[in-house]
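> Just need the structure, nothing else, for what follows:
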Amino acid sequence: MTGRGSLAVRLASLYATMLAVVVLLVIVASSIALVFELSQFTHDIIVAKHDEARFLAETAQRDGQTLKSAAPRMIRELSGIGLDVAVFDERGKLLAGDASLHPPLLAHMIAQRQREQSHPGPRPGPGAFPDHREPFGLAVVQGGYVAFVPSMPLVFVALFPYWRTVLTIGVLAILGTFFVGRIFAREALRPLDDVAAALRSLAQGDYTPRSFIMGGGDEIGNLTGAFNDAAANVHQAMEERRATEDRMRRFVADAGHELRTPLTVISGYIDVLRRGALNDEKIARQILGTMTLEKEHMRNLIDRLVRLSRLDSEATPLAERLDVAQLLRDQVDAARRFDEHRNIDYRVDGALAILADPREIGEALWNVVENALKYAPDAAIHLRGSREDGRVRIVVRDEGPGMSELERLHAFERFYRGDQRGEITGSGLGLSIAKRAVERAGGSIEIESGPGRGTTVTIELVAAADLPLGVPQQI
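Have a look, this model is predicted:
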């Protein structure tokens, strides 16, 4: 919560700062505009004051008053808020008004009037100066001059109420933006807290999948989407790791048990030989023969373990387009060499081809056929190949005693051997190797069996009719 609150406060402060900058810019720009408008307004007022000053001077003259005696009344009439007024005679002497006002152009106007009076010709009277000759802040009246100077307080008096109103509204808006922005930021950043909590759980070893649903395609939605994908991948990887570890533990335990049996037998016979069995040649030959069988059994087990380990690797097999008829023919030939008196046949419906690693799929088929040779003695074995729905189906069926339902369900488990195995040697890995090899080729394998009904193993693989034979490629 602290991290989210801190970030929310920073974001809200940023929003408020941006608004404050905008408000300041608006105030400055609008103040400049108002000052410009006030200057135009002041200009119009002073121009009107010029005419009013001349009117008051003429009125005083008609009433028999001098400019000096009328000056105080003119000051009262002409003065106003933000406007300073002073009255001067023709020589520039202050008659009334603000003594600090002495426009720089006053001396110039007096000198100009004196030059005009020194030349023959009509003497210019009040108001005789054209607008382009009369200064903006200096009105020429009968008997002197009236000076007008706008005071700065006029601007501030006009702007202060505006500034006060705008600043008050701006401060309230900034404060409102900060508090409302913090609330919105906290809500917007809430998914980050959820993601952070989920990541902490992951760091602590809790790989339970969590999913966050965010609408829209904003950055937080992209973040939660990426987390969902990552969490799903981590969960899947950990589940696969657990499954692999479980398989490995079972594998090590079963392999240890299977290897311990021949080693125990060999060790026992070695003890027998040490106790004097070597003196009896017949017994010694029997013991050595049994030890040789156990040694072969252990070597066969180790070879199968190595093959199974290779099949469990993540390396992608290099597949080729294989002719199904040739593949089945090779299996039948090998089986007949194993048992030349057995009725073993094959049939392929049409020209069929599959995409698989020849060594792996050949070993898988041989393990299935070998199982039939060992567990269905003297029974006929039939191999069939057909195509259905774009996949090639290979069926190995024997006419032997079949399996119980329990044996059928556990047939593909590693080191599993049925209760009816008798004296038949084996490691219980043949069908496990076949299943793994078929799965690596992208296929599936199933067993159908029952007591007295024989056993049927069905393998389905990817058809590869359009590929050239014998060209390796990844699948």
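
> all helices of the protein, in order?
2-62, 67-78, 104-118, 152-188, 190-203, 219-274, 281-312, 324-338, 358-375, 405-409, 430-440 (DSSP state H).

> mind checking which of the ones you listed is nearest Arg91?
Closest approach to Arg91 among the helices of the chain is made by helix 104-118 (6.7 Å; Cβ to Cβ). Any C-beta I mention is one placed from the backbone N, CA and C, and that applies to glycine too.

> one step back: now the helices of the chain in JSON lines, with distance to Ala86 and mean pLDDT?
Listed next are the helices of the chain as JSON lines, based on distance: least, Cβ to Cβ, whole Å; pLDDT from 0 to 100:
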{"stretch": "helix 2-62", "distance to Ala86": "11", "mean pLDDT": "80"}
{"stretch": "helix 67-78", "distance to Ala86": "8", "mean pLDDT": "86"}
{"stretch": "helix 104-118", "distance to Ala86": "9", "mean pLDDT": "70"}
{"stretch": "helix 152-188", "distance to Ala86": "17", "mean pLDDT": "79"}
{"stretch": "helix 190-203", "distance to Ala86": "71", "mean pLDDT": "75"}
{"stretch": "helix 219-274", "distance to Ala86": "68", "mean pLDDT": "74"}
{"stretch": "helix 281-312", "distance to Ala86": "109", "mean pLDDT": "73"}
{"stretch": "helix 324-338", "distance to Ala86": "121", "mean pLDDT": "90"}
{"stretch": "helix 358-375", "distance to Ala86": "115", "mean pLDDT": "87"}
{"stretch": "helix 405-409", "distance to Ala86": "119", "mean pLDDT": "85"}
{"stretch": "helix 430-440", "distance to Ala86": "110", "mean pLDDT": "84"}
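
> would you list those helices in TSV and tack on distance to Asp345 and mean neighbour count?
Compiled in TSV, the helices of the chain are given as follows (distance: least, Cβ to Cβ, whole Å; neighbours: other Cβ atoms under 10 Å):
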stretch	distance to Asp345	mean neighbour count
helix 2-62	75	15
helix 67-78	133	18
helix 104-118	130	13
helix 152-188	73	14
helix 190-203	58	14
helix 219-274	34	14
helix 281-312	28	15
helix 324-338	7	17
helix 358-375	12	21
helix 405-409	24	14
helix 430-440	21	22
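
> Out of these, the one nearest Val396 is which?
Nearest to Val396, of the helices of the chain and by Cβ to Cβ, is helix 358-375 at 4.8 Å.

> Among the helices of the chain, single out whichever gets nearest to Gly143.
When the helices of the chain are compared by Cβ to Cβ, helix 67-78 sits nearest Gly143, at 3.7 Å.

> Show which residues not belonging to the closest one make contact with it.
49, 52-53, 56-57, 60, 85-87, 89, 95-97, 141-144, 146, 148 (Cβ atoms under 8 Å, 6 or more residues apart in numbering).

> one step back: of the helices of the chain, which approaches Gly390 most closely?
helix 324-338 (14.3 Å).

> That closest one - contacts with which helices or strands?
strand 344-348, strand 353-356, helix 358-375, strand 381-388, strand 391-398 (3 or more Cβ pairs under 8 Å, 6 or more residues apart in numbering; DSSP states H and E).

> Minimum distance to Ala284: which of these has it?
Across the helices and strands packed on helix 324-338, closest to Ala284 is helix 358-375 (Cβ to Cβ), at 29.9 Å.

> what angle sits between the closest one and strand 381-388?
140 degrees (axes from the mean of the first three to the mean of the last three Cα atoms, to 10 degrees).

> what's the angle from helix 358-375 to helix 324-338?
Using the same axes, to 10 degrees: helix 358-375 against helix 324-338 is 40 degrees.

> Residue numbering should commence at 259 henceforth.
Got it, first residue is 259 now, which makes that one helix 616-633.

> ok now helix 616-633, how far from the chain's centre?
Put simply, helix 616-633 sits 49 Å off its chain's centre (Cα atoms, centre = their mean, to the nearest Å).

> That helix - contacts with which helices or strands?
Counting contacts by 3+ Cβ pairs under 8 Å, 6+ apart, helix 616-633 is packed against strand 576-581, helix 582-596, strand 639-646, strand 649-656, helix 688-698, strand 713-720.

> that older thread, which one of the helices of the chain lies nearest to Arg642?
helix 582-596 (8.2 Å).

> what residues does that closest one touch?
Counting by Cβ under 8 Å, 6+ apart, residues outside helix 582-596 touching it are 600, 602-604, 606, 609-612, 619-620, 623-624, 627-628, 631, 639, 641, 643, 650, 652.

> likewise stretch 423-432?
So stretch 423-432 is contacted by Ala274, Leu277, Ala278, Val281, Val284, Ile285, Ser288 (Cβ under 8 Å, 6+ apart).

> quick one: the fourth one from Phe299, how far?
The reference is to Val281. Counting by Cβ to Cβ, to the nearest Å, the separation of Val281 from Phe299 is 26 Å.

> what does Arg694 give?
Going from Arg694 to Phe299 by Cβ to Cβ gives 96 Å.

> Same question for Ala397.
Counting by Cβ to Cβ, the separation of Ala397 from Phe299 is 18 Å.
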